[in-house]
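In: 3D model of this:
(one chain, ligands or ions: 2)
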Amino acid sequence: MRGSLLDHLACPSCGGRLAIVGSAAAEVVEGALACASCGASYPVVHGIPRFPTTADATLASVTARTQRTYSFTWMTFAEDQREKDSYRYTALIPPTLTSGAGKIGLDAGCGGGHDLRRMAAGGAEVIGFDLSDGVETAHRLTRHLPNVHVVQGDLNTPPFRPESFDFVYSFGVLHHLPDPTRGFRNLAHLLKPGGSLITYLYDDFGDRTAAERAALDAVRLGRRVTSRLPSPALYALCWLAAPVVWATCSVPASLLELVAPRLAGRIPFRHTVRWTVLASDLFDRFAPPVEWRFSREGVLALYRAAGLGDVTTCRYRGWVSWGCRPADVLVEDRA
Ligand SMILES: C[S@@+](CC[C@H](N)C(=O)[O-])C[C@H]1O[C@@H](n2cnc3c(N)ncnc32)[C@H](O)[C@@H]1O
Ligand SMILES: [Zn+2]
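Out: Ligands and ions are numbered 1, 2, ... in the order given. Next up is the predicted model:
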C-alpha cells in the first residue's frame, strides 16, 4: 500500500482520517492503519488495507455469504473470467469518463481486477475495492502499476472520503447487495460534484416474451437451492452442466449469429463456446446469495434517488448506465 492512498481513505466507522501506524516507509506491505478520531485500527496484509464488513444485522449474513462465494470465485477461476465479454459491455461507455491523467476513480467491486487494469491504462489513478479475496488476484495483476491501489472492504460501509472521486465504476456488483439502493447511494456519496457513476445491473426481463420470463423464474427457483450449496460442490455441478449449455445454447447461438444476429442475441450463454468459461459463468449465475433485477425505469429511479442526472442507459445483457452528480445538488447522506 502506497502512502498516497491515505488521501482517499476514511475510517468506515467514524469518517475520521487514517494514518499508517509506526512506519515512515513510502510503501507498507504488512502493518496497520489507525483512525485519529476514534482510535479504530485496520490491518494492512500483503500490501492491501483490510476493512471489516458491515455490522448491520440486516445485511451482515448475506454479505458474509457473498464474500465467501466470490472469494471462491476469484481464487478458483479468475483466469477463466478474463475471457468474459466485458469488453463489449465497456465499449459502450464513453472512454473520457474513466480516463485521463489527474483523474481519480474507484472500481467498486473490482473482483479479480481485469477492468481495473484496463482502466488504469487510460491514465487515471484507480482504486480497486472488493469484499472478497479477489483483492489478492487484483493486487497481483496490478501491483506493478504506479496508478493503481487495491483495498478490501464492504460497499455497505465504504472506507473512503466523501466527494473524493471523479468517477465510480461498479460493474455487476450492486445487484448482489442485500440493499442495492443503499449501496448505490453510498457510491453516489463518494463522487465529486461533476463526477460520474457507471454501473452494470441485471435486466428484470419485464418486456421479454412469456417464455423468456418463465425461464428466468425457473432459474430463480433453482437459485434458492444452488446459492446455498457449498461452492466446490456447485462448481462441480456447473462443470457437468457446461456441455449441455454448450450444445443447447452456445453453439446454436454462434451459428445463428451468422444468419440472424438479432435472434442469436436473445439466446443465453451465446458469448463463448469454451467450457471453462461456461462453467465459471454458470457458477456466477447460480452461486451468489442475492440477485436483484431492474427495469430501465428502475435503473433511472436509482440514479434519480441518489441525486444524479444526465443519465444514459444502454441495454446489453442488462443495463450499462452512467449518470453525473451535478455541481449544485447535494447528495443525500449515506444511511
Ligand atoms: C459479478 S462480480 C463483478 C466483478 C467485476 N466488477 C467484473 O465486472 O468482472 C461481483 C463482485 O462484487 C463484489 N461485491 C459483492 N458485494 C460487495 C460488497 N458489499 N462490497 C464490495 N464488493 C462487493 C464481489 O466480491 C465480486 O467480486
Ligand atoms: Zn474512526
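In: So Phe269 sits against Asp281, correct?
Out: Yes. Here Phe269 reaches Asp281: they are 6.7 Å apart, a contact under CB atoms under 8 Å. No exception for glycine: its C-beta is placed from N, CA and C like everyone else's.
In: more crowded one of those two?
Out: Asp281 (24 against 19; other CB atoms under 10 Å).
In: So which residues on the chain come close to ligand 1?
Out: 63, 66, 70, 86, 109-111, 115, 130-132, 134, 154-156, 171-173, 176-177, 284 (CB under 6 Å from any ligand atom).
In: Now tell me what touches stretch 236-245 from outside.
Out: Thr226, Leu229, Phe269, Trp275, Leu278, Ala279, Ser280, Leu282, Phe283, Phe286 (CB atoms under 8 Å, 6 or more residues apart in numbering).
In: Could you tell me which ranges of the stretch 51-200 of the chain sit under the pLDDT cut-off?
Out: Under the criterion pLDDT under 70, the flagged ranges of the stretch 51-200 of the chain are 78-87.
In: And the closest residue in space to His175 that isn't next to it in sequence, how far from ligand 2?
Out: The shortest distance from His175 to any non-neighbouring residue, by CB to CB, 6 or more residues apart in numbering, is to Trp292 (4.4 Å). Computed as CB to the ion, to the nearest Å, the Trp292 to ligand 2 distance reads 31 Å.
In: does Trp292 really touch Pro180, like I thought?
Out: Yes. Trp292 is within contact range of Pro180, at 5.2 Å (criterion: CB under 8 Å).
In: For those two, work out which one has more neighbours and name it.
Out: Neighbours per residue (other CB under 10 Å) separate Trp292 from Pro180, with Pro180 holding more: 20 against 16.
In: Spit out the contact partners of the nearest residue to that one once chain neighbours are set aside.
Out: Once flanking residues are discounted, Pro180 sits nearest to Leu174: 4.5 Å by CB to CB, 6+ apart. Contact analysis of Leu174 by CB under 8 Å, 6+ apart lists Gly109, Leu155, Pro180, Gly183, Phe184, Leu187, Thr199, Leu201, Trp292.
In: ok, now with 7 Å
Out: Leu174 is in contact with Pro180, Gly183, Phe184, Thr199, Leu201, counting by CB atoms under 7 Å, 6 or more residues apart in numbering.
In: for Leu234, same thing?
Out: Listed by CB under 7 Å, 6+ apart, the contact set of Leu234 reads Thr226, Phe283, Phe286, Ala287.
In: Ligand 2: which of these is nearest?
Out: Set against ligand 2, the nearest of the contacts of Leu234 by CB to the ion is Ala287 (33.9 Å).
In: Please report how far the closest one lies from Ala233.
Out: According to CB to CB, to the nearest Å, Ala287 and Ala233 sit 11 Å apart.
In: if you count what's nearby, which of these two comes out ahead?
Out: Legend: neighbour count by other CB under 10 Å for Ala287 and Ala233, higher for Ala287 (24 against 10).
In: And the more buried one, how far from Pro232?
Out: Going from Ala287 to Pro232 by CB to CB gives 11 Å.
In: just Ala327 next, same as before
Out: Distance from Ala327 to Pro232, by CB to CB: 50 Å.
In: Same check on Trp319?
Out: Taken as CB to CB, the span from Trp319 to Pro232 is 32 Å.
In: more crowded one of those two?
Out: Between Trp319 and Pro232, counted using other CB under 10 Å, Trp319 has the larger neighbour count: 23 against 9.
In: quick one: secondary structure of the residue nearest to Ser295 when sequence neighbours are not counted?
Out: Using CB to CB, 6+ apart and skipping the chain neighbours, the partner closest in space to Ser295 is Gly206 (4.7 Å). Three-state call for Gly206 (DSSP: H, G, I helix; E, B strand; the rest coil): coil.
In: and Gly206, how many neighbours?
Out: Residues lying near Gly206 (other CB under 10 Å) number 12.
In: Using PDB, list the CA coordinates for the strand or helix carrying Leu263.
Out: Applying DSSP states H and E as the criterion places Leu263 in helix 261-264. This file holds the C-alpha atoms of helix 261-264, laid out as PDB (Å, rounded to 0.1, in the frame of the first residue of the first chain):
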ATOM      1  CA  PRO A 261     -27.800 -11.900 -35.300                       C
ATOM      2  CA  ARG A 262     -30.800 -10.300 -33.500                       C
ATOM      3  CA  LEU A 263     -32.300 -13.700 -32.800                       C
ATOM      4  CA  ALA A 264     -29.000 -15.000 -31.600                       C
END
